[in-house]
Structure formats: C-alpha cells, structure tokens
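J.: predicted model, plus sequence, below.
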Amino acid sequence: MVALDVTDENKAIEISREVFQYVDAIKVGYPLVLSSHLSIVDRIKEITKKEIICDFKLADIPSTNEKIASLTLRYGDGIICHGFLGEDSIRAVQEVAKKYGEKGNYKKVIMVTEMSHRGAIQFIQPVADELAEMAKRLKVDGVVAPSTRPERLKTIKDIVGDIPVLSPGIGAQGGDLNKVLNILDEDDYIIVGRDIYESENPGRRAQYYYHILKDR
Ligand code: O7E
C-alpha cells in the first residue's frame, strides 16, 4: 500500500499513474486532501482502479466520528480510526460502513493499535495489546501495527489472528523489511510512503517492493 502523502494534486496524480500497477491499495491522508479536496480520491480511483483507503485517523466521540465517516466513505473504500477512543467510537464508524454495505458498497474500517514512531512507546504501546483485542472483538477489517518494532508487530498479529495487518515503517522510518516479511502473511500489507514518492523514480521504487513481495 503506497502512502500518497504529497501536497500537490498534480504530483499525486502523476505518482498514482506511475505506481498503481505495483501496489494493492493507495492510502490518502490529510496532506493530500487538505491541499486539494476529498474528491481527489475519486480521481485517483478512476485512474488506478485500486482500493483507496482514507487515513483520517478518526479520534472523536461516536457522533462526530459518524459524521466524518459518512462524508469520507462517499469517496474512499475504507477509513482508518484510532482505537484508543474506545469501542463506541469504532462502532459508530462500523455502523456507517454497514449502511454503505447494505447498498452494495463494501467499506473497510481499519483501526490503529500501536503506531510506528518513537512517541508511541509513551502512551499507546502500554495499551496496544488491549486495543488489538478490542479490534478482534469488533471484527474490524484491518489493524495498523508498526514495522519499526517487529516484536510488537508479531504480538499484535498473534492477537488479531485472521484480521489483516497494515504495517507502516518500512523505508524512511527504517523498518527491517526482511524481519517484517517473516511476520506478515499474504493478506497483510506493508505501507510505504516517502521511500516511493520521494524517490527519483517512484514507479521503479514501487516495482522494487512489488517484486520482493511477489517473489517471496
Ligand atoms: O514513513 P512513510 O513516508 O513511509 O509513511 C508512512 C505512512 O504511514 C504515513 O502516511 C504515516 O502517516 C502512516 N503511519 C505511520 O507512519 N505510522 C503509524 O503508526 C501509522 C500510520 C498510518 O498510516 O496509520 C494508518 C494506517
């Protein structure tokens, strides 16, 4: 999954065209949407035909989460929420996704457990296993866990079982790809941003990851 955190709409389109054939999904977040418009998701989808995940890391009370999710899921194929707000905040997003599902548009709800940066050790890590257990109980469509700490990635993966894991931290954040690939399964994702979109040739860089994943 490529993280398209660029702040220029044209650049985002250009990179999407170069990388789409080598990725399973495209993650769009605040940097791109705030510098353009949420409808950029539709444009990228139209060009790439790939799954587009909106990474807005929802972290609010249920009724606000619900409003944000309703607006976002008009566009994306999935949405990312924080888990530390508790079960009701996630359920509110799942309810919105369910309504879209009833109309034939399956939407994924993905939950963050432990984050990849150093600061995550401070507050999130101590409760991350419980967050993973909650994600399992709520049957979310995916959880986010760090490539920068393979041992934590493994623990979280073991807790969530068959729920797919999305793992950022490879490339710019220094995660060890070999170690991470020894932990992840076929249904899981690595998320790579800067190492692809800041590269001189994003297409070739995406292809590099594609071959490693395909040939393993
Ligand atoms: O470091 P990069 O450039 O490869 O980008 C990583 C992307 O993953 C970037 O969009 C960042 O916001 C996101 N991310 C993390 O880096 N760490 C996390 O713990 C969680 C995320 C994230 O995407 O969360 C939702 C999936």
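T.: On my side now, so go ahead. Residues are numbered from 1 along each chain as shown.
J.: wait, Lys108 sits on Leu73?
T.: No - using Cβ atoms under 8 Å, Lys108 is not in contact with Leu73, being 9.4 Å away. Heads up, the C-betas are built off the backbone N, CA and C, glycines and all.
J.: so what's in contact with those two at the same time?
T.: Both Lys108 and Leu73 are in contact with Ile79, Ala97, where contact means Cβ atoms under 8 Å, 6 or more residues apart in numbering.
J.: pLDDT on stretch 76-86, on average?
T.: For stretch 76-86, mean pLDDT rounds to 97.
J.: swap that for stretch 48-56, sorry
T.: On average, stretch 48-56 scores 98.
J.: swap in stretch 195-215?
T.: 97.
J.: next, the buried residues of it.
T.: Neighbour-count burial for stretch 195-215, counted by 16 or more other Cβ atoms under 10 Å, picks out Asp195, Ile196, Tyr197, Ser199, Pro202, Gly203, Arg205, Ala206, Gln207, Tyr208, Tyr209, Leu213.
J.: distance check, His82 against the ligand.
T.: 9 Å (Cβ to the nearest ligand atom, to the nearest Å).
J.: what distance do you get for that residue to Lys45?
T.: To Lys45, His82 is 25 Å away according to Cβ to Cβ, to the nearest Å.
J.: who's more crowded, those two?
T.: His82 (21 against 18; other Cβ atoms under 10 Å).
J.: hang on, that one packs against Phe56?
T.: No - counting by Cβ under 8 Å, His82 sits too far from Phe56 to count as a contact (9.9 Å).
J.: what residue ranges in this protein are flagged as low confidence?
T.: For the chain, not a single residue meets the criterion pLDDT under 70.
J.: just the element for Ile26, please.
T.: strand 25-29 (DSSP states H and E).
J.: that strand near the ligand anywhere?
T.: Yes - applying Cβ under 6 Å from any ligand atom, one finds strand 25-29 touching the ligand at Gly29.
J.: near the ligand, which residues of the protein?
T.: 3, 5, 29, 55, 80, 112, 115-116, 144, 146, 166, 168, 171-173, 191-195.
J.: sheet partners, orientation included, of the helix or strand hosting Val109?
T.: Val109 belongs to strand 108-112 when assigned by DSSP H and E. Here strand 108-112 is paired, per DSSP bridges, with strand 78-82 (parallel), strand 142-144 (parallel).
J.: next secondary structure after it?
T.: Per DSSP H and E, the helix or strand that comes after strand 108-112 is helix 120-123.
J.: now that next one - C-alpha only, PDB.
T.: Listed next in PDB are the C-alpha coordinates belonging to helix 120-123 (Å, rounded to 0.1, in the frame of the first residue of the first chain):
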ATOM      1  CA  ALA A 120       4.100   5.700  20.500                       C
ATOM      2  CA  ILE A 121       6.000   3.900  23.200                       C
ATOM      3  CA  GLN A 122       5.000   6.600  25.700                       C
ATOM      4  CA  PHE A 123       1.200   6.300  25.800                       C
END
